[in-house]
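*Asks:* Quick one, what's the 3D model for this:
(chains A and B)
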Protein chains: 2
Amino acid sequence: MKRAYNFNAGPSALPLPVLQKAQQDMIDYKGTGMSIMEMSHRSSTFEEVLNGAKEDLRSLMNIPDTHEVVFLQGGASLQFSMIPMNFLGTNQIGAYVLTGSWSEKALKEAQKLGQTTVIGSSKENNYRSIPTQNELHLPQQDVAYVHITSNNTIYGTQWHHFPSFGETDLIADMSSDILCRNIDVSKFSLIYAGAQKNLGPSGVTVAIVKKDLLSRIPAGLSTILNYETHVKNNSLYHTPPTFSIYMLSLVLEWVKEQGGLDAIEKQNEKKASMLYECMDMYGDFYTPHADKDSRSLMNVTFTLPDKDRTTSFLQLAEEKGFVGLSGHRSVGGCRASIYNAVPIETCEALVSFMEAFYKEQ
Amino acid sequence: MKRAYNFNAGPSALPLPVLQKAQQDMIDYKGTGMSIMEMSHRSSTFEEVLNGAKEDLRSLMNIPDTHEVVFLQGGASLQFSMIPMNFLGTNQIGAYVLTGSWSEKALKEAQKLGQTTVIGSSKENNYRSIPTQNELHLPQQDVAYVHITSNNTIYGTQWHHFPSFGETDLIADMSSDILCRNIDVSKFSLIYAGAQKNLGPSGVTVAIVKKDLLSRIPAGLSTILNYETHVKNNSLYHTPPTFSIYMLSLVLEWVKEQGGLDAIEKQNEKKASMLYECMDMYGDFYTPHADKDSRSLMNVTFTLPDKDRTTSFLQLAEEKGFVGLSGHRSVGGCRASIYNAVPIETCEALVSFMEAFYKEQ
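*Replies:* Below you'll find the model as predicted:
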């Protein structure tokens, strides 16, 4: 069986050993005579899986004791609403930095629920870049939090230096680059991520929340939309997406086996460099969308000189077994999503293909 | 490999052929070189799975064109909040019938969001029964909807005759008995169900919503919490739980292969009768919690004469390979959940065990 060259933007490639383990466990998990999907979420067997995933995430990301880890549902899209519901007080203002479509969506949902302001945006340059710290200024109001999107899947940009705003809480949507590198979790009051890029299949959302923040949650909030509910109940207030959490646990074990985030980060840099170097080499032909200092390690976006060549590039790529190279429907062009689970060989195959395609023009 | 006698209350038993199919497809779905989990939710391959599941559910349940089917996240617990957010107008009142813990939870969340009233409850008899139509009276106010829980997993009761309130919309939480029998969907304005009993693994929630109802959704509601968002986007507004939907599609195919709901209903009646008859036979020893006319086809709850014998019954059962027979932590006793996927042989094994245990006393 030949594996596809999978560059899907999410849901996306999973590590082959993870899929093999899931396949092996499918009907009989650890001699129980049941699939992990057939077990109570309150069974000791499942709680072990859940707690293992939590502990592995804590140790891989070096999450300090000041922060809690919860597994939720609804993806980043539900977080866009839960954040203002929980943390945007009546007389406060939520400060948003716009670096792409996902930050725009986060802002739009916050606007429905309270006061907001945009403290930085690269919209005018078509989201080619990430604002620098000195371009970002907090307003003279009571700022509830600053919200950023750490990686922008559609535009292919990524924050390489996170901003800091003193005592003001920093919240980051890390859906598309969590676990791609080492970060200092203590700088963030809330990190959240839909799993379907670096963490596992879709259906589970990870939130890493600073305990201090929980005291700000207003009374009367819907139980399920309150972060504290999930913290207090170890993510078992209601039935969690047990199989997705199990898959997450396998992915985290795989990351550990790779050597943790140091090794993963090096590998990701190698994969991304390979592609960006190819583009820089043939810069008149392949043009990266992102400015050099804002390039993403996860989503490499680029265009060809014209629409016809883009179309024939994508068609030929598909014939050769490359999957998911079309740019997002909102921007066009091409995009190679090279999340943690995309093997280096897959990136090498793409570079060879790009070189060959260039030379045939 | 021996399969467990799985009586888990949810997540619960899945049909063995479904698990085998999922195992077979795990690494290479239909020759794509990818798992279904590794594919874009916007790929034609996944859309086929999603649309297939939708169509199969429509045909199995005979869902009229007046109703839409959507796949959501967050389980019944999120529905408890979404229902009042979407359909409980400012000057309206939500009418709830209490038949167990889940209806209490649904009510509690509605109370946070608007005016409510309880139009019927069997709480005073420890939820042994389901109210009859003539015990239920609407108040002289503008009633937004009547909410019922069609099956009560914890107490083991089930509605066998659904109430009707003229033009007033009827909403039912069918998490634990959807697809267990034929029902007339047209009588309901909204049916919702977490998948983890009769539909598949946890992580996906099915909602069947009458189109008329959508016009009542207030402006300004969070996008992700608005039913219309999901209707308009064919459940693809954001990344859905793709693997759970795939599993749901396999379960629905399996239900079709069994002969649809007519056959499933007969099988469920047979399974439930077997257990209830055993209890009625040894009525001085095994006492069903539910009144005879309110007994559930899905969750058979019963007690033994005292705590010691309950404990030894449960211990011995566990040794013999029976899983999930403890009653819910809130009520104690015993419970056998016999959802669609629990084979008749598993029920027969339990009956034999109960007979043998009785005779040894």
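*Asks:* Let me know the average pLDDT across stretch A:65-75.
*Replies:* The average pLDDT for stretch A:65-75 rounds to 98.
*Asks:* Likewise for stretch A:311-322?
*Replies:* In the prediction, stretch A:311-322 has an average pLDDT of 97.
*Asks:* If we go by neighbour counts, what in it is buried?
*Replies:* A:F313, A:L314, A:A317, A:F322 (16 or more other Cβ atoms under 10 Å in any protein chain shown). C-betas here are computed from N, CA, C, even on glycine.
*Asks:* burial of the closest residue to the last one other than its chain neighbours, as a residue count?
*Replies:* The spatial neighbour of A:F322 that comes closest, neighbours along the chain excluded (Cβ to Cβ, 6 or more residues apart in numbering or on different chains), is A:Y5 at 4.5 Å. With neighbours defined by other Cβ atoms under 10 Å in any protein chain shown, the count for A:Y5 comes to 24.
*Asks:* So chain A: which segments form each domain?
*Replies:* Residue ranges for the domains of chain A, per automatic domain parsing: A:16-257, A:260-360.
*Asks:* now for the host helix or strand of A:C278, which elements pack on it?
*Replies:* Assessed by DSSP states H and E, A:C278 sits inside helix A:260-281. Here helix A:260-281 touches helix A:44-61, helix A:242-258, strand A:287-288, strand A:299-303, helix A:344-359, going by 3 or more Cβ pairs under 8 Å, 6 or more residues apart in numbering or on different chains; DSSP states H and E.
*Asks:* Please name every helix or strand in contact with the last one.
*Replies:* So that's helix A:344-359. Checking 3+ Cβ pairs under 8 Å, 6+ apart, helix A:344-359 ends up next to strand A:5-6, helix A:260-281, helix A:307-319, strand A:322-323.
*Asks:* Would you tell me which one of those is buried the most?
*Replies:* Compared across those, strand A:5-6 shows the largest average neighbour count, a mean of 25 (mean count of other Cβ atoms under 10 Å in any protein chain shown).
*Asks:* Contacts for it, please.
*Replies:* A:12-13, A:320-324, A:342, A:346, A:349-350, B:33-34, B:38 (Cβ atoms under 8 Å, 6 or more residues apart in numbering or on different chains).
*Asks:* Make a ChimeraX selection of the buried ones in those residues.
*Replies:* The ChimeraX command for the buried members of these (criterion: 16+ other Cβ under 10 Å) is given here:
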select /A:12,13,322,323,324,342,346,350 /B:33,34,38
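*Asks:* out of the contacts of strand A:5-6, who's nearest A:M26?
*Replies:* B:E38 (16.2 Å; Cβ to Cβ).
*Asks:* ok, back up a step: quick one: closest of the helices and strands packed on helix A:344-359 to A:S249.
*Replies:* helix A:260-281 (15.7 Å).
*Asks:* need the residues of the stretch 101-250 of chain A near chain B, please.
*Replies:* Within the stretch 101-250 of chain A, the residues that sit near chain B (Cβ under 8 Å from any Cβ of the partner chain) are A:108-109, A:112-113, A:194, A:196, A:201-204, A:220-225, A:237-244, A:247.
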